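Student: quick one, fold the following:
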Amino acid sequence: MIVWRKDVVQMENTKTDPNSPWKSDTILIVDDDAINRKILGKIFSEYYTIQEARDGWEGIMQIQENQNRFCAILLDVLMPKMNGIEVLHWLKKMGLLEKIPTFLITSEAVESVMQEAYDLGVMDVISKPVISYVVLRRVRSIIELFEARKHLSAVVEDQSLKLLKQAERIIELNQGMIEALATAIEFRNEESGGHVHRICGITKMMLEKTNFVEKMDEKEIENIALASIMHDVGKITIPDAVLTKPGKLTKEEYEIMKTHTLKGVDILESIPQLKDSGIYDYACDIARHHHERWDGRGYPDGLAGNAISPWAQVVSLADVYDALICRRVYKASFPREQVLKMIGSGQCGLFNPRLLESFYSVEDQLFEMYQKIPEMQKSG
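Tutor: Purely as a prediction, here's the structure:
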């Protein structure tokens, strides 16, 4: 292998930047004739590093060694071991003809050879003997086009990464605002603020670890889990005298409390940014229907059976489980065994039997999160 180093890499007003991440600066000349390699090397050595190969096989070995080094390949047709057309077939198979401009330089410029070369993806077929200024201009022009394309691709990729990071940051901020609003509601209700995070965790586990809702991808699960955080957002409209009352609500107070489902939807509909997100429809459905029950005796719409969306059913059960097992302003916490009995017997409203089956299959894992709650808040 012979390598000729360039001293000055310049033509007209363009320069090769050796530090550029998209710039290649070596031309590979593949020809079994040493004189032909010398002639071509002389033409391009002022502007590029020249690397030589004596046959097609040797050229392939050099390309495999570091394909990113080469800005162009000058390829003879008639060579021992592997001819130029065979090399083109290999370059095509490896997808390199789209990355490295390749030129066929040959005295065998018959129509069939030219046709096959162009069909494979060669940039140009140049006849020998070459005219130095013609071949220089033709090859350099194509190289500059390829380099400009790589430069543009790098810029686009860089901008895409920046936009992606900005989008991720916006998502994080939006999620943070949603969580902050939901937590503020819980604090108003004299809770720790952990309720909404536990509902999110229970919802996510029920969707991931059970088959209650089938054919749901990871993104949908994330959206539903995040939407569940907003299930009680309507409570921000409920007067303190009702929301924080330590005793049992009167019939009139209970009717006021029930309006939080409809008020929640009104609040969600008033947030323009939320409508453009993947959680909006889930959040509205969950906020409105997380107090519906399987037998139709819930509120606000009296939905029954599968008329209740599966995610609203999951959040409904999660909400009841958390309310029973944790202390509230109006009640003490219940022991775990009693909680499971109350849910299974329908004391808290009737649930979908399939939902209960799924819930019981992961309840051991769900209960683990309650071991981290301060002693005064959890059941024995």
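
Student: where does this structure dip in pLDDT?
Tutor: Applying pLDDT under 70 to the chain flags the ranges 1-23, 108-109, 163-164, 166-193, 329-330, 373-380.

Student: three-state assignment of residue 285?
Tutor: Classification of residue 285 using DSSP: H, G, I helix; E, B strand; the rest coil returns helix.

Student: isn't it up against residue 309?
Tutor: Yes: counting by C-beta atoms under 8 Å, residue 285 does reach residue 309; the two are 5.4 Å apart. Bear in mind the C-beta positions are built from the backbone N, C-alpha and C, glycine included.

Student: can you give me the strands for the stretch 201-350 of the chain?
Tutor: When secondary structure is read from DSSP state E, counting those that start in this stretch, the stretch 201-350 of the chain shows no strands.

Student: which residue ranges of it form helices?
Tutor: 218-228, 240-243, 251-258, 260-269, 272-275, 280-289, 310-325, 336-345 (DSSP state H, counting those that start in this stretch).

Student: how about those in TSV, adding mean neighbour count?
Tutor: Converted to TSV, those look like this (neighbours: other C-beta atoms under 10 Å):
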stretch	mean neighbour count
helix 218-228	20
helix 240-243	14
helix 251-258	14
helix 260-269	20
helix 272-275	12
helix 280-289	23
helix 310-325	24
helix 336-345	15
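
Student: now distance to residue 161 too, for the ones you listed, in TSV please.
Tutor: As requested, the helices of the stretch 201-350 of the chain are arranged in TSV below (distance: least, C-beta to C-beta, whole Å):
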stretch	distance to residue 161
helix 218-228	20
helix 240-243	46
helix 251-258	48
helix 260-269	32
helix 272-275	23
helix 280-289	27
helix 310-325	33
helix 336-345	47
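
Student: for residue 112, find the nearest of those.
Tutor: With C-beta to C-beta, the closest approach to residue 112 among the helices of the stretch 201-350 of the chain belongs to helix 218-228: 53.0 Å.

Student: show me what contacts residue 310?
Tutor: 212-213 (C-beta atoms under 8 Å, 6 or more residues apart in numbering).

Student: my bad, should have said residue 234
Tutor: Going by C-beta under 8 Å, 6+ apart, residue 234 touches 259-267, 287.

Student: check residue 298 too.
Tutor: 289, 291-292, 316, 349.

Student: so the closest residue to residue 230 other than its chain neighbours versus residue 268, what's the distance?
Tutor: Excluding its sequence neighbours, the residue lying closest to residue 230 (C-beta to C-beta, 6 or more residues apart in numbering) is residue 283, at 4.7 Å. Applying C-beta to C-beta, to the nearest Å, the value for residue 283 to residue 268 is 5 Å.

Student: please enumerate the shared neighbours of these two.
Tutor: With C-beta under 8 Å, 6+ apart, residue 283 and residue 268 have common neighbours 230, 274.

Student: what's stretch 211-223 in contact with?
Tutor: 204, 206-208, 277-279, 282, 310-311, 314, 354-355, 358.

Student: 7 Å - rerun?
Tutor: Stretch 211-223 is contacted by residues 204, 206-208, 278-279, 282, 310, 314, 354-355, 358 when judged by C-beta atoms under 7 Å, 6 or more residues apart in numbering.

Student: and the end-to-end length of it?
Tutor: With C-alpha to C-alpha, to the nearest Å as the measure, the ends of stretch 211-223 fall 18 Å from one another.

Student: need the contact partners of stretch 258-266.
Tutor: Counting by C-beta under 7 Å, 6+ apart, residues outside stretch 258-266 touching it are 232-235, 237-238, 284, 287-288, 291, 299-300.

Student: do the same with stretch 314-332
Tutor: By C-beta under 7 Å, 6+ apart, stretch 314-332 touches 189-190, 195, 198-199, 202-203, 206-207, 212, 228, 231, 244-247, 286, 290-292, 333-334, 336, 339, 342-343, 348, 351, 355, 359, 370, 373, 376-379.

Student: let's see the ChimeraX selection covering just the buried ones among those residues.
Tutor: The ChimeraX selection below is limited to those of the contacts of stretch 314-332 classed as buried (16 or more other C-beta atoms under 10 Å):
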select :189,195,198,199,202,203,206,207,212,228,231,286,290,291,292,333,334,336,339,343,348,351,355,359,370,373,378,379
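
Student: check contacts around residue 210.
Tutor: Neighbouring residues of residue 210 by C-beta under 7 Å, 6+ apart: 358, 361-362.

Student: how close does it get to residue 357?
Tutor: 8 Å.

Student: likewise for residue 197?
Tutor: For residue 197, the distance to residue 357 - C-beta to C-beta - is 25 Å.

Student: give me the more crowded residue out of the two.
Tutor: Comparing residue 197 with residue 357 by neighbour count (other C-beta atoms under 10 Å), the higher total belongs to residue 197, at 16 against 12.

Student: check which helix or strand covers the more buried one.
Tutor: helix 194-209 (DSSP states H and E).

Student: output that helix as PDB, nothing but the C-alphas.
Tutor: These are the backbone C-alpha positions of helix 194-209, laid out as PDB (Å, rounded to 0.1, in the frame of the first residue of the first chain):
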ATOM      1  CA  GLY A 194     -48.500  10.900  48.100                       C
ATOM      2  CA  HIS A 195     -52.000   9.700  47.200                       C
ATOM      3  CA  VAL A 196     -51.700  10.800  43.500                       C
ATOM      4  CA  HIS A 197     -48.300   9.200  43.100                       C
ATOM      5  CA  ARG A 198     -49.500   5.900  44.600                       C
ATOM      6  CA  ILE A 199     -52.600   5.900  42.300                       C
ATOM      7  CA  CYS A 200     -50.100   6.500  39.400                       C
ATOM      8  CA  GLY A 201     -48.000   3.600  40.600                       C
ATOM      9  CA  ILE A 202     -50.900   1.200  41.100                       C
ATOM     10  CA  THR A 203     -52.400   2.100  37.700                       C
ATOM     11  CA  LYS A 204     -49.100   1.500  35.900                       C
ATOM     12  CA  MET A 205     -48.500  -1.800  37.600                       C
ATOM     13  CA  MET A 206     -52.000  -3.000  36.900                       C
ATOM     14  CA  LEU A 207     -51.600  -2.200  33.200                       C
ATOM     15  CA  GLU A 208     -48.000  -3.600  32.900                       C
ATOM     16  CA  LYS A 209     -48.200  -6.700  35.100                       C
END
